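> okay, sequence plus prediction incoming.
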Amino acid sequence: MTATAAANPATSDAAAAEAAWRAMRDAGDVQFAPVPPDPAPVTPDWLAAIGRWLEWLLSPVGKLLGSGWSWIEQALLLGAIIGVAWIAWSLLWPLWLARRNRVDAASPDWAPAREDALALLEDADALALQGRYDEAAHLLLQRSIGQIARARPDWLTPSSTAREIGVNQALPAEARSAFGQIAGLVERARYALRALDATDWTKAREAYARFALQRIEAA
């Protein structure tokens, strides 16, 4: 009797809780049902048309990438190798050239062929006799650079300037001195707009002669 009486309050509490729960569910001011999802967005016809066009346009590329990926992978690898080789060449070539110039400087005995030097002086003297000293000095500079380029192309690059040639340690000291003097006169005439005179021409001619032919009497 005592146990039954003790269980009755628990039963009544459970019934009361269930009744309260049902009352809350039935009240309607609290939502228990799942929230319906938002409707799926409708794709505009024009956007769908663009998508179909892009699919048609790019599908061959996709098929090509899928079927020829091994070739593409090899091409990418080859490109990477070429890129690394180019970077290495860009870094090492100047070092090799500087070393070559130091080695060549140990035997500074190069000079243009006598016939070429005489022919150049003859052409330049012809301009000087006409009073065209600027042109005569420029001819000396231009053609003497050509003489070096033909004889020792490893001493020059396509972008070498007269001033750079004048300090190139691979050249004999006489050649550097000659180029420095001739280049200075030519630059003065061209950029400072100071025309050369007979004295200037004589200096340029003697500088070239000392380098090319040692001692040549002025014409």
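That came through, no problem. Here the structure is a predicted model, which is why all the values come from computation and not from measurement.
> name the helix or strand for A128, please.
Secondary structure assignment for A128, by DSSP states H and E: helix 114-129.
> angle of the following helix or strand past that helix against helix 114-129?
Where DSSP H and E defines the elements, the next helix or strand beyond helix 114-129 is helix 133-151. For helix 133-151 against helix 114-129, the angle by axes from the mean of the first three to the mean of the last three C-alpha atoms, to 10 degrees is 170 degrees.
> so for helix 133-151, what's the average pLDDT?
The predicted model assigns helix 133-151 a mean pLDDT of 84.
> just the CA atoms of stretch 39-55, as CSV, please.
Below are the C-alpha coordinates for stretch 39-55, written out as CSV (Å, rounded to 0.1, in the frame of the first residue of the first chain):
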residue,chain,number,x,y,z
PRO,A,39,12.6,27.6,-53.8
ALA,A,40,15.5,26.9,-56.2
PRO,A,41,16.5,29.9,-58.2
VAL,A,42,15.3,29.9,-61.8
THR,A,43,18.1,30.3,-64.3
PRO,A,44,17.3,33.0,-66.9
ASP,A,45,17.0,31.7,-70.5
TRP,A,46,19.8,34.0,-71.7
LEU,A,47,22.2,32.7,-69.0
ALA,A,48,21.3,29.1,-69.8
ALA,A,49,22.0,29.8,-73.5
ILE,A,50,25.4,31.3,-72.7
GLY,A,51,26.2,28.2,-70.6
ARG,A,52,25.3,25.9,-73.4
TRP,A,53,27.4,28.0,-75.9
LEU,A,54,30.4,27.9,-73.6
GLU,A,55,30.0,24.2,-73.1
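> ok, which stretches of this structure are helices?
Per DSSP state H, the chain has helices spanning 2-27, 45-67, 69-105, 114-129, 133-151, 162-166, 173-191, 198-212. These are given in chain order.
> ok, which of those helices comes nearest P39?
Distances from P39 to each of the helices of the chain were compared by C-beta to C-beta, and the smallest falls on helix 45-67, at 17.3 Å. Backbone N, C-alpha and C define where each C-beta goes, glycine included.
> packing partners of that closest one?
The helices and strands touching helix 45-67, judged by 3 or more C-beta pairs under 8 Å, 6 or more residues apart in numbering; DSSP states H and E, number zero.
> how about a cut-off of 10 Å?
For helix 45-67, the packing partners by 3 or more C-beta pairs under 10 Å, 6 or more residues apart in numbering; DSSP states H and E come out as helix 69-105.
> specify the angle between the helix it packs on and helix 173-191 in degrees.
Between helix 69-105 and helix 173-191, the angle comes out at 110 degrees (the same axes, to 10 degrees).
> distance between helix 69-105 and the chain's centre?
Chain-centre distance of helix 69-105: 13 Å, with C-alpha atoms, centre = their mean, to the nearest Å.
> show residues contacting the helix holding A128.
Outside of helix 114-129, the residues that reach it under the criterion C-beta atoms under 10 Å, 6 or more residues apart in numbering are 111-113, 132-144, 146-147, 150-151, 196, 198, 201-202, 204-205, 208-209, 211-213, 216, 218-219.
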